[in-house]
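Visitor: mind folding the following:
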Amino acid sequence: MVELRSRSAPGGENKLDHQMSSEKSTDSEKKGVKGDVQNILVLLFLYILQGIPLGLAAAIPLILTNRNVSYKQQAEFSFSYWPFSVKLLWAPIVDSCFVKSFGRRKSWLVPIQYLIGVTMYVLSHNVNYYLGEPEPGAEEGATSEPREPNLTMLTAMFFFLNFLAATQDIAVDGWALTMLQKHNVGYASTCNSVGQTAGYFMGYVFFMALESYGYVTLPGFLKFWAVVFTIATTLVAVLKHEKEEDFSQHEDSEEIGDLGVVDTYKLLVSILKLGVMPATIAMLLTSKIGFAATDAVTGLKLVEKGVPKDKLAMLAIPMIPLQIILPWVISKYTSGPRPMDVFTKAIPARLAMGPVMAWLVYVTPSWKQDDGEFPVTFYLMMIVLYALHQVTLYSMFVSIMAFFAQVSDPAVGGTYMTLLNTITNLGGNWPSTLALWCVDTLTLAECKGQHSEGGVQLHGTCVGKEGAEQCHRMGGTCNVYSDGYYVEVVICVLIGCVWYLVWGSRTIKRLQDQPQESWRVVKQKHKR
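Guide: Alright, predicted model coming up:
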């Protein structure tokens, strides 16, 4: 299951909206992309590059399922996804520190993309070792014990890779504001969503499909993109020039002024001090607990039950049209004064998907044929259930984004919305990591039988793939009395139901009923 990440950088999307509205009268006669076709293609390509590391990071957990990796180790690797959720911590530095002669955004974009290329190249030479692959120099016919994956190094490398991609995202978001003509600035968000989705698709679905048929290896794929990053960055550095930013031309420039590092951090503190913020933060950090087991563990359980990882990855293909259509449909119901009504209605439906997806995992082995394959009807059933899950997920995502756009103070650019997005992403990350961590702990399995060599009666736990295989090697049978995944789904759904009925729905309604002034951080000081 893939969780949506809300994305924006300080001074990014809200500035973009402000520019479009403030310049409407002067640029209303300008239409079309004439003069900006090359710039749009450059932005699209930069966002595609950004999605590659994200896609590769999503592919790693599926690869690890065949490496006797425990769910606690999967939880450890899930920390590599966190940089995009906390990029607000260093975004003000990227926005404010630069070499003027080279370009405000290129000062970060060029070295960061070179670093991504170098990191991918280094990783290509070590990733098999980190994954626990057998030594390539082993003699033919010789058997070697599989090594345990080095999850700490693997997590550190992909965390660093995603940190670099998140920093590149901040730079590109900012550059989009000046690279495009004012009347075309709206194309930046299109390039963002389309480009990152395409990059994610290539790094995840495309790679998994090619790898499963033996056309490419992970080291070779990493090396290829390392070369692409290096060449692309060199071309951007030499051929693409930045326009000088000038916000003084806007009639509200006093309010959206280009803040420095210290001022931006002070602004974030001021936002956090607002009276509505404690309840908002608590709601955003706890609203996804009920879905944690379903979102974080279901996909890995399906692979564990025998579903080929490349087939699971290919499920993303039929979801693409749905992901394009859903925001347009849902936005019709969130464009009014009460967008969070959709959010509150989607929560029970998404909670109900927890037991449904758990049922899918439970019945998966019964669909497996003698040759190890699954029938087409099984995959059609998976597509339908995943599509229903996407409807509930996107309903919550679109409505919360509409609410943020409604309450965010326009006087402080994109900083306000970025802060809310960051808290929202953290609210999805920590329950997912915790859910992965607790699967093995909640699993009850016992190894019974007689030792194949000593004749000693076996008695002990055999949790996880490694424990089960060790039990089988000794001649015993691993009896699973309680799978932690199903226990977790029940616990999460119960917590989600209690949260919704006792506190969540009331809090959401109360926050939506707050007057606009209670969300404003810039009040009398900038009032004209």
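
Visitor: from S189, how far out is M120?
Guide: Distance, M120 to S189, by Cβ to Cβ, to the nearest Å: 27 Å. For glycine as for every other residue, the C-beta is placed from the backbone atoms N, C-alpha and C.

Visitor: of those two, who's got more company?
Guide: Shown here are M120 and S189; by other Cβ atoms under 10 Å, M120 has more neighbours (26 against 17).

Visitor: what residues are up against the more buried one?
Guide: The contact partners of M120, taken as Cβ atoms under 8 Å, 6 or more residues apart in numbering, are P53, L161, L222, K223, W225, A226, F229.

Visitor: state the helix or strand in which the residue lying closest to the fourth one once chain neighbours are set aside lies.
Guide: If I follow you right, that is K223. Take K223 and drop its neighbours on the chain: the residue closest to it by Cβ to Cβ, 6 or more residues apart in numbering is S124, 4.3 Å away. Assigned by DSSP states H and E, S124 falls within helix 106-130.

Visitor: go through the biggest helix by length in the chain and flag the buried ones.
Guide: Criterion DSSP state H: the longest helix present in the chain is helix 376-407. For helix 376-407, the neighbour count (16 or more other Cβ atoms under 10 Å) marks 378-379, 382, 385-386, 388-407 as buried.

Visitor: wouldn't L444 be in contact with Y481 here?
Guide: Yes - L444 is within contact range of Y481, at 4.6 Å (criterion: Cβ atoms under 8 Å).

Visitor: between those two, who's got more neighbours?
Guide: More crowded of L444 and Y481, by other Cβ under 10 Å: L444, with 13 against 8.

Visitor: what sits against the more buried one?
Guide: By Cβ under 8 Å, 6+ apart, the neighbours of L444 are V480, Y481, S482, G484.

Visitor: quick check: it vs V489, distance?
Guide: 15 Å.

Visitor: for the helix or strand hosting I170, packing partners?
Guide: I170 is part of helix 151-179 when elements are defined by DSSP H and E. Contact here means 3 or more Cβ pairs under 8 Å, 6 or more residues apart in numbering; DSSP states H and E; on that basis helix 151-179 packs against helix 13-22, helix 37-64, helix 71-78, helix 91-96, helix 106-130, helix 187-201.

Visitor: need the strands for the stretch 301-450 of the chain, in chain order.
Guide: 444-450 (DSSP state E, counting those that start in this stretch).

Visitor: show me where it has its helices.
Guide: Along the stretch 301-450 of the chain, counting by DSSP state H, counting those that start in this stretch, helices occupy 309-314, 316-334, 340-367, 376-407, 415-442.

Visitor: okay, stretch 506-526 in CSV with CA atoms only?
Guide: Extracted as CSV, the C-alpha positions of stretch 506-526 are listed here (Å, rounded to 0.1, in the frame of the first residue of the first chain):
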residue,chain,number,x,y,z
ARG,A,506,-15.8,16.3,16.9
THR,A,507,-12.4,17.9,16.8
ILE,A,508,-12.4,18.1,13.0
LYS,A,509,-15.9,19.7,13.1
ARG,A,510,-14.7,22.2,15.7
LEU,A,511,-11.6,23.1,13.7
GLN,A,512,-13.6,23.6,10.5
ASP,A,513,-16.0,25.9,12.4
GLN,A,514,-13.2,28.2,13.6
PRO,A,515,-13.3,31.7,12.1
GLN,A,516,-10.7,32.5,9.5
GLU,A,517,-9.0,35.0,11.8
SER,A,518,-8.1,32.3,14.3
TRP,A,519,-5.8,30.8,11.6
ARG,A,520,-4.1,34.1,10.8
VAL,A,521,-0.5,34.6,11.9
VAL,A,522,-0.2,38.1,10.2
LYS,A,523,-2.9,40.3,11.7
GLN,A,524,-2.8,44.0,12.6
LYS,A,525,0.9,44.3,11.8
HIS,A,526,0.4,44.1,8.1
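
Visitor: how about that stretch, which residues are buried there?
Guide: Quick answer for stretch 506-526 (16+ other Cβ under 10 Å): T507, I508, L511, Q512, W519, R520, V521, V522.

Visitor: give me the contact list for it.
Guide: By Cβ under 8 Å, 6+ apart, stretch 506-526 touches 254-255, 267, 270-271, 274-276, 279-280, 282-283, 338-341, 343-344, 403, 407-409, 411-412, 416.

Visitor: and those, which of them are buried?
Guide: 255, 267, 271, 280, 283, 338-341, 343-344, 403, 407-409, 411-412, 416.

Visitor: rewinding a little: want to throw the buried residues of stretch 506-526 into CSV with secondary structure?
Guide: Converted to CSV, those look like this (DSSP: H, G, I helix; E, B strand; the rest coil):
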residue, secondary structure
T507, helix
I508, helix
L511, helix
Q512, helix
W519, helix
R520, coil
V521, coil
V522, coil
